[in-house]
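*Asks:* Fold the following and give me the result.
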Amino acid sequence: MTKAEMSKLNTTPDEDSSSYSSNSNYFNYPYPSKTAALESPYVDMDPENQNFLLESNPGKKKQHQGTTSFGMSVFNLSNAIVGSGILGLSYAMANTGIALFVILLVFVSIFSLYSVHLLLKTANEGGSILYEQLGMKAFGMAGKLAASGSITMQNIGAMSSYLYIVKYELPLVIKAFMNIEENTGQWYINGDYLVILVSLGLILPLSLLKNLGYLGYTSGFSLLCMVFFLIVVICKKFQIPCGMEHDLVNATLNISLEHLPTAYEPLANMTNDDICTPKYFIFNSQTVYAVPILTFSFVCHPAILPIYEELKQRSRRRMMKVSNVSFFAMFLMYLLAALFGYLTFYGNVEPELLHTYSEVLGSDVLLLIVRLAVLMAVTLTVPVVIFPIRSSINQLLCADKEFSWLRHCAITIALLIFTNILVIFVPTIRDIFGFIGASAAAMLIFILPSAFYIKLVKKESMKSVQKIGALLFLLSGIVVMVGCMTLIILDWTSNPVSDGH
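*Replies:* Residues are numbered from 1 along each chain as shown. Next up is the predicted model:
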């Protein structure tokens, strides 16, 4: 194809071919320079997706210059990492113990950083900022399907976890505002009805927009909400004392023993040491969910390459510094949230930490503010999560077709229907974290980056330290995915009505 013919392809892309995001928050990045795309040596690829900084070819002029500062890139990547997974970390610590949880947290964060290193190096060799294109170049259609399927599953898991929060937190907010003490069966405090109403009234209209634009700013709002949530978790640890037998429990909860929530009935038969002594190593049927919850919480890899593309004074070393700062900040945030949540409720932590406070404190004003902020953040983030899922489906099924409003609306409605059904019938958010963390998150963190690296980076032999390390990383990812999925399925079959306790 001549340059003149290729220039005809230089048209403004539609909304569904733009950018990627992670499990927790999503961004809309500017399109890469078309000039760079046209001059790319990778002529076998769609010109729309060719552009990438080809550092391995110093003779080529760098056409597209990033404009995002180091600090803003750190903020963007932190937005991409943090998400609803933070609500399940205290539950993970309650079922692993403090020491084992810290060990797992350190390993998952280090492994995630290593996979970022592999991804950046592979992208330079593969010449693409898109996960699907790297998969296509490495393994053909099978690689493209694997990448697209993993991203879609991860984003559906993120969207489901957000709607699950709406399902269980919005009824509590309504009850607090209407001063309803007990659930007497009103439809407007039924979580299943409310999640459907929110999906139809708020999420669907926003999701149908062709250009989401301003919704990208909700990622920053979500991060602020999670920081606020962390501050409240730390404060509440010192406001909810533990122990001193039943009289302190009664004073703290402001209820009598016979009216304790179901989750706290075991308190009546436990000693102070049983209730309030932190455990450092715990192994039970729920311990298996710890690794998937952690991997779910650290997935940000589809957003790595767009952030790299827009980084000012761009280089792999500079992007790795961005990643190091972001991952370290999220490591501290996750550790503090998990630790103070666990030290507040110990073995009685629920899979969704915010709901645990609701069971204990009821309509506490500060918690009500946190709940409202989190509900607003997750509701506005769901349309942004739908964006890359719809884009991925279009890339797979209709890559060469013009934009169609009918197809656009049909895919959006089908995604919302499927996710609502999932949220209504899945018994606990723990199952969402567990299944998606053990499957899609393991693929995005462990398996795909290492497999793409092994296949596309030709200048290193298979006997090199780098390739051997990537191969071991790939094998460890397969072990993690198969092992966790097997144990989770065994837990489902042996405890089919488990509520997470």
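
*Asks:* got any ranges where the protein has weak pLDDT?
*Replies:* Confidence mapping of the chain against pLDDT under 70 gives the ranges 1-64, 182-184, 211-219, 243-274, 359-363, 496-501.

*Asks:* longest helix of it?
*Replies:* In the chain, taking DSSP state H as the definition, the longest helix is helix 141-177.

*Asks:* That helix packs against which elements?
*Replies:* Under the contact criterion of 3 or more CB pairs under 8 Å, 6 or more residues apart in numbering; DSSP states H and E, helix 141-177 touches helix 131-139, helix 191-198, helix 353-361, helix 365-397, helix 405-425, helix 429-438, helix 440-442, helix 448-456. For every residue, glycine as well, the C-beta is placed using N, CA and C.

*Asks:* Enumerate the positions of the following helix or strand past the last one that are buried.
*Replies:* Helices and strands here follow DSSP states H and E; after helix 448-456, the next one along the chain is helix 465-494. Applying a neighbour-count criterion of 16 or more other CB atoms under 10 Å, one finds 466-467, 470, 473-474, 476-477, 480-481, 484-485, 487-488, 491 buried in helix 465-494.

*Asks:* Take these and lay them out in JSON lines including distance to Phe425.
*Replies:* Listed next are these as JSON lines, based on distance: CB to CB, whole Å:
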{"residue": "Gln466", "distance to Phe425": "45"}
{"residue": "Lys467", "distance to Phe425": "44"}
{"residue": "Ala470", "distance to Phe425": "39"}
{"residue": "Phe473", "distance to Phe425": "35"}
{"residue": "Leu474", "distance to Phe425": "34"}
{"residue": "Ser476", "distance to Phe425": "33"}
{"residue": "Gly477", "distance to Phe425": "29"}
{"residue": "Val480", "distance to Phe425": "27"}
{"residue": "Met481", "distance to Phe425": "24"}
{"residue": "Cys484", "distance to Phe425": "22"}
{"residue": "Met485", "distance to Phe425": "20"}
{"residue": "Leu487", "distance to Phe425": "22"}
{"residue": "Ile488", "distance to Phe425": "17"}
{"residue": "Asp491", "distance to Phe425": "18"}
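
*Asks:* what's the spacing between the nearest residue to Leu194 once chain neighbours are set aside and Glu350?
*Replies:* Spatial nearest neighbour of Leu194, chain neighbours left out: Leu170 (4.9 Å); criterion: CB to CB, 6 or more residues apart in numbering. Applying CB to CB, to the nearest Å, the value for Leu170 to Glu350 is 17 Å.

*Asks:* What of His408?
*Replies:* 38 Å.

*Asks:* All the helices of the stretch 151-300 of the chain, residue numbers only.
*Replies:* Applying DSSP state H, counting those that start in this stretch to the stretch 151-300 of the chain gives helices spanning 191-198, 204-207, 218-239, 245-253, 272-276, 290-298.

*Asks:* can you list the helices and strands packed on helix 141-177 in JSON lines and add mean neighbour count and distance to Phe345?
*Replies:* What follows is those, written out as JSON lines (neighbours: other CB atoms under 10 Å; distance: least, CB to CB, whole Å):
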{"stretch": "helix 131-139", "mean neighbour count": "24", "distance to Phe345": "38"}
{"stretch": "helix 191-198", "mean neighbour count": "18", "distance to Phe345": "22"}
{"stretch": "helix 353-361", "mean neighbour count": "21", "distance to Phe345": "6"}
{"stretch": "helix 365-397", "mean neighbour count": "21", "distance to Phe345": "14"}
{"stretch": "helix 405-425", "mean neighbour count": "16", "distance to Phe345": "24"}
{"stretch": "helix 429-438", "mean neighbour count": "27", "distance to Phe345": "15"}
{"stretch": "helix 440-442", "mean neighbour count": "29", "distance to Phe345": "26"}
{"stretch": "helix 448-456", "mean neighbour count": "25", "distance to Phe345": "36"}
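
*Asks:* Is it correct that Met485 is in contact with Ala440?
*Replies:* No: with contact defined as CB atoms under 8 Å, Met485 does not reach Ala440; the gap is 11.2 Å.
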